[in-house]
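Undergrad: Sequence plus the predicted model coming up.
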Number of protein chains: 2
Amino acid sequence: MNQRTEEPVTVSVGLGERAYEILIGAGLLARAGAEIAARLPGARAAIVTDENVATLHLEPLQEGLGAAGIESTAITLPPGERSKSFDALEETVDGILGARLERRDVVIALGGGVMGDLAGFAAGIVRRGMNFVQVPTSLLAQVDSSVGGKTGINTRHGKNLVGVFHQPRLVIADTATLDTLPGRELRAGYAEVAKYGLIDRPDFFAWLEANWRDVFSGSAARTEAIARSCRAKAEIVERDERESGERALLNLGHTFGHALEAATGYDSARLVHGEGVAIGMVLAHRFSARMNLASPDDADRVEAHLREVGLPTRLEHISGALPGAEALLSYIAQDKKVSRGALTFILTHGVGRSFIAKDVPASQVLAFLRECQTK
Amino acid sequence: MNQRTEEPVTVSVGLGERAYEILIGAGLLARAGAEIAARLPGARAAIVTDENVATLHLEPLQEGLGAAGIESTAITLPPGERSKSFDALEETVDGILGARLERRDVVIALGGGVMGDLAGFAAGIVRRGMNFVQVPTSLLAQVDSSVGGKTGINTRHGKNLVGVFHQPRLVIADTATLDTLPGRELRAGYAEVAKYGLIDRPDFFAWLEANWRDVFSGSAARTEAIARSCRAKAEIVERDERESGERALLNLGHTFGHALEAATGYDSARLVHGEGVAIGMVLAHRFSARMNLASPDDADRVEAHLREVGLPTRLEHISGALPGAEALLSYIAQDKKVSRGALTFILTHGVGRSFIAKDVPASQVLAFLRECQTK
């Protein structure tokens, strides 16, 4: 049941003068204009979106903006990770400046994580920082990139290596837009939802084990799962906005995951980000068990749940050939969570008990990856 | 007399956790490595510079870095404003990432304002913010771009419309490097020195009228003028880091100046930035007198001093044809100091008594520009 008339849930992200609210609920897209106009009176808008999302959601958004007296222009880019490039950034910046928007006007990201990261980066650098509003339309974007202000693009040296911290003024997460997502993309986003349970909320993970079907079908459980995820991330970000410490916990599953994304050439037919995170989280639990930090039962439990919802959890679930363990290790070493050549991983003492492990010996990681590949 | 053994003067920029020091004195370049190593132990460095500056100053800088145990790589770009482009930014970012620098390593800008703006922008976005050190080698860069953390590049829509605020960790201003500057460039930088007197330090302006020859010849007066300029800018930036108010005073002469730079196609053979500022400051004083805000005697005094040091002060001092008053006004309206269509100018009640004037009628500006062109 889609509760299209439900009152939205509000999650506050407390970052002092950069504090903002996340509105979560079904049918919010049509209200976005009024919500933005209430917070940024007199602003004009540039909407940054991709061709697929534009077909589905651009018209209702622009209608709502117009009804609220907000003049808007749309910058529409090709869908997919390739739009997180210098070329797309320059095109976006040029579109915003071409519309002669000023600092107090607003850049709106409409779409998934790619559009959020790209539009947020553009908003962060045009006139050295414009107002930014996120309207995430994927589960991944609603629970991850909409919180915390990280923006960025990819380079040939790796993903997200270039960007800024730029907090949005408002996030509007219309849970009904998720009904238009392909199942695979919904599952991939769910990996990040589960991650919050695995980091430090064992109760939430247990709740997900019991309620995941309702989350996928779009009931109030979906809104609850998204709100609990946003709150979990907000609490970590509030304590460490610039990622000097604890915020690294959010990388649970990401060091292995990014390496797998790189090893598959960022080919979304083979692996999308959330799938890499799902495999990466299971590997992080298995590796923790191998290091005698956690019980293998926890790794089994995590894998069982992610398999149940239909996510890949092992290297052999990735179609096509993977490079060998040495090559995977070198992708890990290239990842930006490397510090002074020592490998930093998010490891765990069990479900909901993750921690930052510095100086993990590369030899141990290599041996573990070899075991994973020969199984 | 160049006092190559003088103790450096230190100006502190008090920005809380982003506070930093500016070291000013003759012969500091050779000590840069030791100063950086003392503040950023263990860091590796990427030096961003241009071909001209590299010939003069790269080797001593790299020698000093090496002696202090800092491994460095150089990224050398073509000289001139054209390096403030998306292409040059991408090349710089690629060079930093190619050297596999991490967040706690350091990007060093070696050169004038262009290199400072470009390298600072790159440092601000690689890994969402790396350490940044400025080694400005032009007078303009030592007194202006080295203080305040503004970075950026140009686009076809205008100058400095894209960038970030990214404060350096340290600024090392070797006043002896100014001996290698062409006289025209030294004079252009001097316009920004005089600007600090004109904004709110009438005593400093009077001191410059008496001592400008020593500033140009490179005595201790040069170090004093640079230090007083940095202190003046630091005090304004400390009160308004993100330019939400008072910091706009630093744009004295810049609204007219930017329009003239645009109108001459950013052709440095015709007009360089500081020359535009010199003419712009005189125009701001003349326009203020015309609006009965200040005495014409002040405009005469400002013009007399800037002419004395050899700076252009009138439209007719620009070689080649200029567009008409309407076209100049439209360049002004494109400038980023426009807010909601109203024209914002920095006007003055007299020497050292500048203020921010909002809602200046465009018709008055147009009439004034017409008078300037028919004189």
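TA: Right, received. Where do you want to start? Residues are numbered from 1 along each chain as shown, chains lettered A, B, ... in the order given.

Undergrad: Need the residue closest to the centroid of chain A.
TA: Nearest residue to the geometric centre of chain A (CA atoms, centre = their mean): A:Asp144, 3.4 Å.

Undergrad: Backbone torsions only: list them for that residue.
TA: phi -120, psi -70 (degrees, to the nearest 10).

Undergrad: what separates it from A:Leu208, distance-wise?
TA: Counting by CB to CB, to the nearest Å, the gap from A:Asp144 to A:Leu208 is 15 Å. Any C-beta I mention is one placed from the backbone N, CA and C, and that applies to glycine too.

Undergrad: thought A:Arg222 was touching A:Arg213?
TA: No. Using CB atoms under 8 Å, A:Arg222 makes no contact with A:Arg213, being 10.6 Å away.

Undergrad: which of these two has more neighbours?
TA: The neighbour comparison of A:Arg222 against A:Arg213 (other CB atoms under 10 Å in any protein chain shown) goes to A:Arg222, with 27 against 11.

Undergrad: Tell me the secondary structure at that one.
TA: helix (DSSP: H, G, I helix; E, B strand; the rest coil).

Undergrad: A:Ser85 against A:Ile153, yeah?
TA: Yes. Here A:Ser85 lies in contact with A:Ile153, judged by CB under 8 Å, at a distance of 5.9 Å.

Undergrad: Compare those two (neighbour count), which wins?
TA: Neighbour tally, A:Ser85 and A:Ile153, criterion other CB under 10 Å: the higher count belongs to A:Ile153, 24 against 17.

Undergrad: Kindly export stretch A:221-230 (C-alpha atoms) in CSV.
TA: Listed next in CSV are the C-alpha coordinates belonging to stretch A:221-230 (Å, rounded to 0.1, in the frame of the first residue of the first chain):
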residue,chain,number,x,y,z
ALA,A,221,7.9,0.5,6.7
ARG,A,222,9.7,2.0,3.7
THR,A,223,9.4,5.5,5.1
GLU,A,224,10.5,4.2,8.5
ALA,A,225,13.5,2.4,7.1
ILE,A,226,14.6,5.5,5.2
ALA,A,227,14.1,7.8,8.1
ARG,A,228,16.0,5.5,10.5
SER,A,229,18.8,5.3,7.9
CYS,A,230,19.0,9.1,7.5
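
Undergrad: how about the strands in chain A?
TA: A:9-13, A:20-25, A:45-50, A:72-77, A:106-111, A:131-136, A:153-155, A:158-162, A:170-174, A:343-348, A:354-360 (DSSP state E).

Undergrad: Tell me which other helices or strands the longest one touches.
TA: Applying 3 or more CB pairs under 8 Å, 6 or more residues apart in numbering or on different chains; DSSP states H and E, we find strand A:354-360 packed against helix A:183-200, strand A:343-348.

Undergrad: Next, the buried residues of the longest one.
TA: In this case it means helix A:183-200. A:185-200 (16 or more other CB atoms under 10 Å in any protein chain shown).

Undergrad: what's near enough to touch A:Glu91?
TA: A:75, A:77 (CB atoms under 8 Å, 6 or more residues apart in numbering or on different chains).

Undergrad: where's it relative to A:Pro78, distance?
TA: Applying CB to CB, the value for A:Glu91 to A:Pro78 is 10 Å.

Undergrad: A:Trp212 is in contact with A:Arg307, isn't it?
TA: No. Using CB under 8 Å, A:Trp212 is not in contact with A:Arg307, being 11.9 Å away.

Undergrad: These two - which one has more neighbours?
TA: A:Trp212 (18 against 15).
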